[in-house]
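Asker: Fold the following for me, if possible:
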Amino acid sequence: EAADWEGGLALLRALDGPRAAQLSANDWYRLHRALVVAMQTRSQAAALPPPPDDSGLDALRASLDLRCFFLTAPRVPLCRRI
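Answerer: Numbering: from 1, shown residues only. Alright, predicted model coming up:
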């Protein structure tokens, strides 16, 4: 059967058990990609080297301190103004 989620997941478990455990149920796109990567590289996803950061974004992200603050008014007076 073409839509055999459990069969596909069992195949991925045999190739890359940790990656199979990370997938959400019926996430067909990620199951397909994980199977393609596992079959082409013949290794687990965790063992693959990370892609190079040619743009320098990883260093930029590490240097930033991002914080979000949400300021709100009391709900009842706010609703009366609207």
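Asker: alpha carbons only for contacts and neighbour counts from here, please
Answerer: Fine.
Asker: could you pull out the helices for this protein?
Answerer: In the chain, the helices defined using DSSP state H lie at 5-15, 17-22, 28-41, 57-63, 75-81.
Asker: Could I get the average pLDDT for the third one?
Answerer: Which is helix 28-41. On average, the pLDDT along helix 28-41 is 94.
Asker: Can you name every helix or strand that that helix contacts?
Answerer: Helices and strands touching helix 28-41, by 3 or more C-alpha pairs under 8 Å, 6 or more residues apart in numbering; DSSP states H and E, are helix 5-15.
Asker: ok and the helix it packs on relative to helix 28-41, angle-wise?
Answerer: On the basis of axes from the mean of the first three to the mean of the last three C-alpha atoms, to 10 degrees, helix 5-15 is oriented at 30 degrees to helix 28-41.
Asker: which ones are touching E6?
Answerer: Shown in contact with E6 (C-alpha atoms under 8 Å, 6 or more residues apart in numbering): no residues.
Asker: how far away is it from L23?
Answerer: From E6 across to L23, the span is 12 Å (C-alpha to C-alpha, to the nearest Å).
Asker: coming back round to it: out of the helices of the chain, the one nearest F69 is which?
Answerer: The minimum distance between F69 and the helices of the chain falls on helix 75-81, with 17.5 Å, by C-alpha to C-alpha.
Asker: any idea how far the closest one is from the chain center?
Answerer: A distance of 39 Å separates the centroid of the chain from that of helix 75-81, by C-alpha atoms, centre = their mean, to the nearest Å.
Asker: Likewise for stretch 44-55?
Answerer: Mean C-alpha position of stretch 44-55 versus that of the full chain (C-alpha atoms, centre = their mean) differs by 14 Å.
Asker: now stretch 49-68
Answerer: 17 Å.
Asker: pLDDT (mean, whole number) over it?
Answerer: On average, stretch 49-68 scores 85.
Asker: cool, and stretch 16-24?
Answerer: 93.
Asker: Now do the buried residues in it.
Answerer: For stretch 16-24, the neighbour count (16 or more other C-alpha atoms under 10 Å) marks 16, 19-20 as buried.
Asker: tally of neighbours for D53?
Answerer: By other C-alpha atoms under 10 Å, the residues close to D53 number 9.
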